[in-house]
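**Q** for reference, the sequence and a predicted model appear below.
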Amino acid sequence: MKTMKKTEKEWKTCLSPEEYKILREKGTELPFTGKCYKNKKKGMYYCSGCGTKLFSSETKYDSGTGWPSFYDAADKKNVELKEDKSLFMNRVEVLCGRCKGHLGHVFDDGPKPTGKRYCINSAALKFEERK
């Protein structure tokens with residue numbers, strides 16, 4: 001996937017302050033507060049930074065963590081996984097494959113068939129309902 005390049009100044013003009021904090025500064029929204037957390041509609045979740053297709057509602061589930069959780073990506077080439085040793089923890093960061101925006105983290109405690117829990121910030125997602 002071709003990487004999207006923008007300066008931080010450009011990102012600040014096209015993202016809301018919350019989206020910028022999450023996507024560009026690797027922030028985390030408070031649990032149980034995100035716009036996508038309780039969404040039960042059928043459709044697709046896209047990167048709020050660049051519009052890349054990330055997750056389907058078909059793989060969304062309630063993990064009880066307070067963030068939208070998915071057991072698989074819509075297309076593996078659209079997400080990038082990167083080792084994250086920040087905050088004195090060993091985790092795997094999930095990035096958008098196109099704009100390299102921070103989405104959240106993936107853990108190995110999810111449901112079958114993948115056993116994965118992609119724990120994603122709502123501010124990093126735009127939802128499009130399937131009609």
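**A** Now that the structure is in, tell me what you want to look at. For clarity, every value in this text was computed on a predicted model and none was experimentally measured.
**Q** what about stretch 97-116, how long is it end to end?
**A** Start-to-end span of stretch 97-116 (CA to CA, to the nearest Å) is 18 Å.
**Q** before we move on, what about stretch 64-80?
**A** End-to-end for stretch 64-80, by CA to CA: 24 Å.
**Q** quick check: residue 103 touching residue 97?
**A** No. With contact defined as CB atoms under 8 Å, residue 103 does not count as touching residue 97 (10.1 Å). Quick note: C-beta positions are derived from backbone N, CA and C, even for glycine.
**Q** which of those two has more neighbours?
**A** residue 103 (28 against 23; other CB atoms under 10 Å).
**Q** shared neighbours of residue 103 and residue 97, anything?
**A** Taking CB atoms under 8 Å, 6 or more residues apart in numbering as the contact rule, residue 103 and residue 97 both touch residue 79.
**Q** and the spatially most central residue of the chain, how far is that from residue 8?
**A** With distances taken as CA atoms, centre = their mean, residue 103 lies nearest the centre of the chain, 3.3 Å away. Counting by CB to CB, to the nearest Å, the gap from residue 103 to residue 8 is 18 Å.
**Q** sorry, back to before: how about the residue nearest to the centre of the chain, what does it touch?
**A** The contact partners of residue 103, by CB under 8 Å, 6+ apart, come to 23, 47, 54, 79, 94-96, 118, 120-121, 124-125.
**Q** any chance you could map the helices in this protein?
**A** For the chain, the helices defined by DSSP state H occupy 8-14, 17-23.
**Q** out of those helices, which one sits most buried?
**A** Neighbour counts averaged per stretch over these are highest for helix 17-23, at a mean of 20; criterion: mean count of other CB atoms under 10 Å.
**Q** which residues in the chain form strands?
**A** 43-47, 53-56, 60-61, 69-70, 79-84, 91-96, 102-107, 117-120, 125-129 (DSSP state E).
**Q** which other helices and strands does the third one contact?
**A** The one in question is strand 60-61. Counting contacts by 3 or more CB pairs under 8 Å, 6 or more residues apart in numbering; DSSP states H and E, strand 60-61 packs against strand 69-70.
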